[in-house]
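[1] pasting the sequence and the predicted model now:
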Amino acid sequence: MSDTQHDHQTPAPEDDGQEQMSSGKSAEHAPDAGMAEPTLETGTVEPAQEAPGLTAGELHAAQTLFGDRLGLAETYVKHLCSTGIDHGLLGPREVPRIWSRHVLNCAVLAPELTAGTTVADVGSGAGLPGLALAIARPDVEFILIEPMERRVEWLSSVVQDLQLDNVQLIRARAEEVTDEVMADVVTARAVTALKKLLPLTVPLLDDDGELLLLKGRSVHGEIEAASKSFSRHKLHKPTVQLLGEGLLEEPSTVVRCRRRSARAR
Ligand SMILES: C[S@@+](CC[C@H](N)C(=O)[O-])C[C@H]1O[C@@H](n2cnc3c(N)ncnc32)[C@H](O)[C@@H]1O
C-alpha cells in the first residue's frame with residue numbers, strides 16, 4: 001500500500017495545539033485527565049538517546065511477539081529513541097522503558113489479529129500500537145490515522161525505512177474518514193476516554209468488526225461512564241482482557257467489543 005499523503009502530565013511540545021491540522025481545526029491531542037494509559041510523551045525534549053538494549057525478560061517477550069521480525073522492531077525502537085525524541089514524539093524519560101511500557105505493551109495485540117484482515121489504528125502518534133503491530137504482522141493490512149502533520153511525516157519516514165508494504169497513513173481525524181475507512185478491527189491507545197473514543201472508532205468498523213482498545217487503570221470507570229454508549233453504537237457488551245500475562249512484567253489491559261452484525265440489530 002502507498003502512503004496517502006500516558007499517566008503522564010506533561011504533553012509533548014506538539015500537543016499544545018500549535019500545529020495546524022489538514023482541516024485547519026485543532027486536534028483533541030491530549031488524553032483525558034485521569035486516564036492511566038501509557039503514553040510516549042513525557043518530559044521535555046533533550047538530545048536524542050541511544051535505544052536501550054532489551055532485558056532478558058523483554059528479549060523473550062520480543063522474540064515471542066516479533067519472531068523473525070525482531071530486527072525491524074529494533075530499528076523502529078532506534079527511530080523512536082533518536083528522531084522520535086528530536087520530533088517531540090517521545091519523552092526522553094520513556095527511553096529506558098520503551099520496550100516494556102510501549103512497544104511490547106502494544107505488540108501483545110498481534111496474536112489476536114487474523115491474517116488477511118484490515119486494522120485501523122486511531123491516533124497512532126509515533127505508531128503505537130499501529131506500527132508495532134504492522135511490524136509483527138506483515139500478513140495484516142494497517143491504516144494509521146493521525147491528524148498531526150509532524151507525526152505523519154515522521155511515521156512516513158519510518159515506514160519507508162522499514163520498507164513496510166502493509167501500512168497506509170492517513171493524515172486526518174478519525175471522524176473525517178468514516179466514508180473511506182472500513183476495518184475488521186479498530187485499535188487505539190491513549191487517545192481519549194472510552195465515552196469519547198467510541199464515536200471516533202465505531203464508525204470505522206465493518207459489520208461484525210471488533211474494537212481492541214488499550215486502556216489503563218481507569219478502564220472500569222471508563223466502561224461505567226460509557227455504559228449507555230455501547231448499545232447506542234450497536235456494540236455487544238465489552239469485555240476487559242489482560243494480554244501478555246506470563247510474558248510481560250505488566251500485562252496490557254484491553255477493552256474488546258464487537259459490533260453487532262446488521263442482521264442482529
Ligand atoms: C496521547 S497521543 C497517543 C499516541 C499513541 N497512540 C500512543 O499510544 O503513544 C494521542 C494521539 O491521538 C491523536 N488524536 C487526537 N484526536 C484524534 C482524532 N479525533 N482522530 C485521530 N487521532 C486523534 C493525536 O494527534 C495524538 O497523536
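    Okay, I see it.

[2] report the backbone C-alpha coordinates of the helix or strand containing residue 155 in PDB.
    Assigned by DSSP states H and E, residue 155 belongs to helix 149-162. The C-alpha trace of helix 149-162 is given here as PDB (Å, rounded to 0.1, in the frame of the first residue of the first chain):
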ATOM      1  CA  GLU A 149       1.400  16.700  10.200                       C
ATOM      2  CA  ARG A 150       4.700  16.300  12.000                       C
ATOM      3  CA  ARG A 151       3.700  12.900  13.400                       C
ATOM      4  CA  VAL A 152       2.500  11.700  10.000                       C
ATOM      5  CA  GLU A 153       5.800  12.900   8.300                       C
ATOM      6  CA  TRP A 154       7.800  11.000  10.900                       C
ATOM      7  CA  LEU A 155       5.700   7.900  10.600                       C
ATOM      8  CA  SER A 156       6.100   8.000   6.800                       C
ATOM      9  CA  SER A 157       9.900   8.200   7.000                       C
ATOM     10  CA  VAL A 158       9.900   5.200   9.400                       C
ATOM     11  CA  VAL A 159       7.500   3.200   7.300                       C
ATOM     12  CA  GLN A 160       9.800   3.900   4.300                       C
ATOM     13  CA  ASP A 161      13.000   3.000   6.200                       C
ATOM     14  CA  LEU A 162      11.500  -0.300   7.400                       C
END
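
[3] so how far is that helix off the chain centroid?
    Computed by Cα atoms, centre = their mean, to the nearest Å, the chain-centroid distance of helix 149-162 equals 15 Å.

[4] was I right to think residue 142 contacts residue 119?
    Yes: taking Cβ atoms under 8 Å as the definition, residue 142 is a contact partner of residue 119 at 5.2 Å. No exception for glycine: its C-beta is placed from N, CA and C like everyone else's.

[5] what parts of the stretch 151-265 of the chain come near the ligand?
    Applying Cβ under 6 Å from any ligand atom, we find that the stretch 151-265 of the chain lies next to the ligand at 151, 173, 174, 175, 189, 190, 191, 200.

[6] thinking again about what came up before, of residue 142 and residue 119, who's got more company?
    More crowded of residue 142 and residue 119, by other Cβ atoms under 10 Å: residue 142, with 29 against 26.

[7] assign the closest residue in space to the more buried one that isn't next to it in sequence to helix, strand or coil.
    Distances taken as Cβ to Cβ, 6 or more residues apart in numbering place residue 134 nearest to residue 142, at 4.3 Å, with adjacent residues excluded. On the three-state scheme (DSSP: H, G, I helix; E, B strand; the rest coil), residue 134 is labelled helix.

[8] any figure for the gap between residue 134 and residue 72?
    Residue 134 sits 9 Å away from residue 72, going by Cβ to Cβ, to the nearest Å.

[9] re earlier: overlap of the contact sets of residue 142 and residue 119?
    Counting by Cβ atoms under 8 Å, 6 or more residues apart in numbering, the contacts common to residue 142 and residue 119 are 130, 133.

[10] I am finished for the moment; much appreciated.
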